[in-house]
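Enquirer: Pasted the sequence and its predicted model underneath.
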Amino acid sequence: MKIPAGFVVAGKTLDEQERKKFALKLEKNLYGQKQAGRVWYLKLGFRASKYAECLFYDGSTILFIVYTDDSILMGPNQKEIDKLVKKIRNVFKIKD
């Protein structure tokens, strides 16, 4: 990943040659990354499905489907889903 034009370091805008001396550190996972499933696993303890890249489960009966910036939770009852939503809210800023 290249440093974008106009990037400022220590109050100085970097030119083309100076930008090649730096690297960017990714602070948040981006949509579509191969590591996205690993992030869900590490942050929330979900396990990835063997059958679909966007399907995760929490080890019990709750399924979590993720597509870009949307998701669907499915479970046996509202109480279990509410408990999981609370857990997700502790880690991420979400809207429902």
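Expert: In hand now; what should we look at? For clarity, every value in this text was computed on a predicted model and none was experimentally measured.
Enquirer: Give me the pLDDT for L30.
Expert: Looking at L30, its pLDDT is 57.
Enquirer: can you check N90 too?
Expert: Note on N90: pLDDT of 88.
Enquirer: And the helices in the protein, which stretches?
Expert: 16-19, 36-44, 78-89 (DSSP state H).
Enquirer: can you count the residues close to F64?
Expert: 22 (other Cβ atoms under 10 Å). No exception for glycine: its C-beta is placed from N, CA and C like everyone else's.
Enquirer: what's the spacing between it and R19?
Expert: Here F64 is placed at a distance of 39 Å from R19 (Cβ to Cβ, to the nearest Å).
Enquirer: now do Y57
Expert: 43 Å.
Enquirer: do the same with F7
Expert: In terms of Cβ to Cβ, F7 sits 6 Å off from R19.
Enquirer: Also T61?
Expert: 50 Å.
Enquirer: Same question for F46.
Expert: 37 Å.
Enquirer: what about the two, which has more around it?
Expert: F46 (22 against 16).
Enquirer: shouldn't V9 be in contact with F22?
Expert: Yes. In this structure, V9 is within contact of F22 by Cβ atoms under 8 Å, at 7.0 Å.
Enquirer: tell me which helix or strand of the protein sits lowest on mean pLDDT?
Expert: Using mean pLDDT, DSSP states H and E, the weakest-scoring helix or strand in the chain turns out to be helix 36-44, at a mean of 74.
Enquirer: CA atoms only: put that helix into CSV for me.
Expert: Provided in CSV are the C-alpha atoms of helix 36-44 (Å, rounded to 0.1, in the frame of the first residue of the first chain):
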residue,chain,number,x,y,z
ALA,A,36,-11.8,-10.6,8.4
GLY,A,37,-12.9,-14.0,9.7
ARG,A,38,-9.9,-14.0,12.0
VAL,A,39,-10.9,-10.6,13.5
TRP,A,40,-14.3,-12.0,14.4
TYR,A,41,-12.7,-15.0,15.9
LEU,A,42,-10.2,-13.0,18.0
LYS,A,43,-12.5,-10.2,19.1
LEU,A,44,-15.7,-12.2,19.8
